[in-house]
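Enquirer: Based on what follows, work out the 3D shape:
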Amino acid sequence: MNLALIITTYNRPDYLKKCFDSILRSDIPKGATILISDDCSDDKETLNLIHDFKLGKCQVVKLFHDEKQKIYGSLKLAIDYAIKVFKADTFINLDSDAVIRNDYFTRILELHSKFSHAIVTGFHCQTKNADGSERHNIIDVYDTFCTKKSVGGINMVFGFESLNKYIFPALDKCILDKQGNWDQLACLNSMNDGIPIVCNIPSLVQHIGINSSMGHSAYEKPDTAESFVALKLSMVTCVIIDCVNITKAIYALDKSCKDIEFGNAIILTSIPSNDPRVIIIPHLTSKEAYSEFVIKNLHKYIKTEFALIVQHDGYVVNALAWDNAFLNYDYIGASWWYAEGNNVGNGGFSLRSKKLLEVAANLLSEKTAVECHPEDDVICRQNYDKLVKRGIKFAPIELAKKFSIEGWGTTDRVYDNQFGFHGGSVIFRNIPSGVDTIIINQFQGLGDVMFMITIARKYIEQGFKVLWPINPLFLDIQKHYLDIDFIDMNLLKLNYNVKYPYKVSNCWVMPFRFTDYLVGVKYKDCMKSKYMYVGDNWETWKDKAEIKFDTRKALELFNILGIKYGEKFTLINRKFRSDFSGEADIVMDLDNRNIEMVPIEGFTLIDWYLVFMAASSIHTVGTSIIYLLELLNFKKETQIHIYLREPDEKSFENYEYIMRKHSYIFHH
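Expert: This next block holds a predicted model:
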């Protein structure tokens, strides 16, 4: 077989890079020819990607056209070139906005060998038309494939017989007419000959292009494959051992399996569950018991060559970071912080060979539970030399850094697209692929919300939608920030106590409630930490903090309070906490009229802004009001007094540094 993989391209570098990356991860046969047929791209990044692309075991040829050929002309030229120059006899076309599974070539070429007379595809799309009708009608379904009347041209596999009977006539007609859908015509040609299209199940290809060449819209969606997962790791069992919280165990396993088809996935627990992946084991009563189980018994439950151990706070985040080089070693986990060597690796998220599990179990069979703990240190450091002498290979540190990141005890805790992570203190600044919505987990504290508006708007500038669940008491602030979707926190079924980011569907939940813990600062710097967590300077908090003031409501409030223009009055706010249960001891101003701030139905805190600006002096407990004050302009003579929230706080240290705009008088 002389195989030619043809990739037609035109601009769109973000898609092309993902397409190239998936090929680099794949099992493409040695000696295959890759032809990149570029249709006059004028995007510099696209051209750089094409120029830089190489694959050692394959010949890569780059064809740059002088005139626009469109996809059918570009594909025809590349096929002709592959036949004349490389004597190709088997052809695979792949659109540049498609990605393939890592075992694509093995699976698709097996299918092609069975149906060499037909057009074969790895793209199993079941997207329906807007009216609910089938776009690609299925004729028959078998165990690992189905037959269809038509398929999209994102990916087709064909030999000379199908090329000459169905593909070339379709391409030639489109070239002659200077328009048309060559893939639809090719399928029609085949069906007219009584030969249906053969499609692998599940899908080995995914269409990632948002803008379809067919002009699909929100109503007429482009072809996608629901059954596609990026990786097939049949040699790996994904396993979690948890006798404490079965819900968290299921969550971590689901996250790890989302984009990967493992050889097996199991939960070892003492907690009964209806989840079919659960295997009941004796109850593990301590961390020491966990370590002993991993060392002495885990190998009994693993039937594949490798086991990927995950935990509730350590699992797969970026399946596309998988590297087959991981399988060259018996143990790989995140690097540690030791200076004297043996720095690989953390066990909470680790890949281990069945060989390692069995050798370690035999070597350490006489150890007590205490002597087995912590199991990763016992294996990777205390018995490193003994295991190496028995043929065990530990991964090098650079590969370990690509595999995972450890949060506990390390100075560099910023996630950088590793395959997985371990530890709630890992800092996630990079948003994983497939995310289009950021959910901000900071539901309490109106001041925190106002302080973080700039962070939310930066996410929006990056192209994300922001969904912000908050205490329903604050929902009326929506009118002041129209570009951000605030929602009643009770309507989202989220665990707001999770201290690390996690993905829900196409949403990424950011744990801003816990950034002081995650960044590793004292509580007094809790507000600073929200910006530190995303790599920004907290002093930029006002940059994009604009408020849409409701002047009509502000003037209405003036009238309700009976304030006359030019009147001298003191504004007093004693209340704090979201439920107004706290009250500060503030002395009345005997020289001026005193207006006490109280919640008034139909008015937000921000609706008081004109009252603030008109006051002769302001006496308020340190609460969300201080962030509004920092965004307002006052007359020079306005006095602003800030009082402690007793007994909640003993000083102003966790927010005093933010209050820079005015001359505040602090009452300790």
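Enquirer: ok, Ala225 touching His124?
Expert: Yes: with contact defined as CB atoms under 8 Å, Ala225 reaches His124; the gap is 5.4 Å. In short, each C-beta sits where N, CA and C put it, glycine included.
Enquirer: overlap in contacts of these two?
Expert: Contact with both Ala225 and His124 is made by residues Pro202, Ser203, according to CB atoms under 8 Å, 6 or more residues apart in numbering.
Enquirer: list the contacts for Lys128?
Expert: Lys128 touches Glu134, Arg135, counting by CB under 8 Å, 6+ apart.
Enquirer: what ranges do the strands span in the stretch 101-250 of the chain?
Expert: In the stretch 101-250 of the chain, the strands defined using DSSP state E, counting those that start in this stretch lie at 120-121, 138-141, 145-148, 155-159, 197-200, 205-207, 231-241.
Enquirer: what mean pLDDT would you report for the first one?
Expert: Right, the one you point to is strand 120-121. Averaged over strand 120-121, pLDDT sits at 98.
Enquirer: so how far is that strand from its chain's centroid?
Expert: Chain-centre distance of strand 120-121: 31 Å, with CA atoms, centre = their mean, to the nearest Å.
Enquirer: which other helices and strands contact the helix or strand where Phe262 lies?
Expert: Phe262 belongs to strand 260-269 when elements are defined using DSSP states H and E. The contact analysis (3 or more CB pairs under 8 Å, 6 or more residues apart in numbering; DSSP states H and E) places strand 260-269 against strand 231-241, helix 246-257, strand 278-280.
Enquirer: Give me the mean pLDDT for stretch 361-379.
Expert: For stretch 361-379, the per-residue pLDDT averages 97.
Enquirer: In that stretch, which residues are buried?
Expert: Going by neighbour count (16 or more other CB atoms under 10 Å), the buried part of stretch 361-379 is 361, 363-364, 367, 369, 372-379.
Enquirer: Filter those residues down to the ones in helices?
Expert: Ala361, Leu363, Glu375, Asp376, Asp377 (DSSP state H).
Enquirer: any idea which of those residues is closest to Ile606?
Expert: Ile606 has its nearest neighbour among these in Asp376, at 51.3 Å by CB to CB.
Enquirer: gap between that closest one and Lys18?
Expert: For Asp376, the distance to Lys18 equals 34 Å [CB to CB, to the nearest Å].
Enquirer: In three-state terms, label the most far-flung residue of the chain relative to its centre for me.
Expert: Distance from the centre of the chain peaks at Asp591, with 58.6 Å (CA atoms, centre = their mean). Recorded secondary structure, Asp591: coil (DSSP: H, G, I helix; E, B strand; the rest coil).
Enquirer: contacting residues for it?
Expert: Contacts of Asp591 by CB under 8 Å, 6+ apart: none found.
Enquirer: Read off the pLDDT value for it.
Expert: Asp591 is given a pLDDT of 84.
Enquirer: ok, now Asn559?
Expert: pLDDT at Asn559 comes out at 92.
Enquirer: In terms of helices and strands, where is it?
Expert: Assigned by DSSP H and E, Asn559 belongs to helix 551-561.
Enquirer: other SSEs contacting the next helix or strand after that helix?
Expert: As assigned by DSSP H and E, the chain's next helix or strand after helix 551-561 is strand 569-573. When contacts are defined as 3+ CB pairs under 8 Å, 6+ apart, strand 569-573 packs onto strand 593-596, helix 609-614, strand 617-621.
Enquirer: Mind putting these into a markdown table with mean neighbour count?
Expert: Shown next, in a markdown table, are the helices and strands packed on strand 569-573 (neighbours: other CB atoms under 10 Å):
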| stretch | mean neighbour count |
| --- | --- |
| strand 593-596 | 15 |
| helix 609-614 | 19 |
| strand 617-621 | 23 |
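Enquirer: what's the closest of the ones you listed to Lys84?
Expert: helix 609-614 (74.9 Å).
Enquirer: so the nearest residue to Met597 once chain neighbours are set aside bridges to which residues?
Expert: The shortest distance from Met597 to any non-neighbouring residue, by CB to CB, 6 or more residues apart in numbering, is to Asn573 (4.0 Å). Under DSSP bridges, the beta-bridge partners of Asn573 are Thr620.
Enquirer: Look at Asn573 and say how many residues are nearby.
Expert: Around Asn573 there are 21 other residues, counting by other CB atoms under 10 Å.
Enquirer: distance of it from Tyr251?
Expert: 42 Å.
Enquirer: Ramachandran coordinates for the most centrally placed residue in the chain?
Expert: For the chain, Pro432 is the residue whose C-alpha lies nearest the centre (CA atoms, centre = their mean; 2.7 Å). Main-chain torsions, Pro432, degrees, to the nearest 10: phi -70, psi 160.
Enquirer: Correct me if wrong: it contacts Val504.
Expert: No: contact between Pro432 and Val504 fails when scored by CB under 8 Å: they sit 11.9 Å apart.
Enquirer: Let me know the next secondary structure element after the longest helix along the chain.
Expert: Using DSSP H, we find that the single longest helix of the chain is helix 70-86. Where DSSP H and E defines the elements, the next helix or strand beyond helix 70-86 is strand 90-95.
Enquirer: what about that following strand, distance to the chain center?
Expert: In terms of CA atoms, centre = their mean, the centre of strand 90-95 is found 30 Å from the chain centre.
Enquirer: what does it contact?
Expert: Outside strand 90-95, the residues touching it (CB under 8 Å, 6+ apart) are 1-8, 19, 71, 75, 79, 82, 100, 108-109, 112, 153-159, 163, 167, 205, 207, 209.
Enquirer: which of these are buried?
Expert: By 16+ other CB under 10 Å, those give 3-8, 19, 71, 75, 79, 82, 100, 108-109, 112, 153-159, 163, 167, 205, 207, 209 as buried.
Enquirer: Distance check, Arg390 against Ala361.
Expert: Remark: distance between Arg390 and Ala361 (CB to CB) = 12 Å.
Enquirer: CA-only coordinates of stretch 242-262, as PDB, when you get a sec.
Expert: The C-alpha coordinates for stretch 242-262 follow below in PDB (Å, rounded to 0.1, in the frame of the first residue of the first chain):
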ATOM      1  CA  ASP A 242     -12.000   6.100  47.400                       C
ATOM      2  CA  CYS A 243     -13.800   4.800  50.500                       C
ATOM      3  CA  VAL A 244     -14.800   8.300  51.700                       C
ATOM      4  CA  ASN A 245     -16.800  10.100  49.100                       C
ATOM      5  CA  ILE A 246     -18.300   8.000  46.200                       C
ATOM      6  CA  THR A 247     -19.700  11.200  44.600                       C
ATOM      7  CA  LYS A 248     -16.300  12.800  44.200                       C
ATOM      8  CA  ALA A 249     -14.800   9.500  43.000                       C
ATOM      9  CA  ILE A 250     -17.400   9.300  40.200                       C
ATOM     10  CA  TYR A 251     -16.900  12.900  39.300                       C
ATOM     11  CA  ALA A 252     -13.100  12.500  38.900                       C
ATOM     12  CA  LEU A 253     -13.500   9.300  36.900                       C
ATOM     13  CA  ASP A 254     -16.100  10.900  34.600                       C
ATOM     14  CA  LYS A 255     -13.800  13.900  34.000                       C
ATOM     15  CA  SER A 256     -10.900  11.600  33.200                       C
ATOM     16  CA  CYS A 257     -13.000   9.500  30.800                       C
ATOM     17  CA  LYS A 258     -14.700  12.400  29.000                       C
ATOM     18  CA  ASP A 259     -12.300  12.600  26.000                       C
ATOM     19  CA  ILE A 260     -10.700   9.200  26.400                       C
ATOM     20  CA  GLU A 261     -11.800   5.600  25.700                       C
ATOM     21  CA  PHE A 262      -9.800   3.600  28.300                       C
END
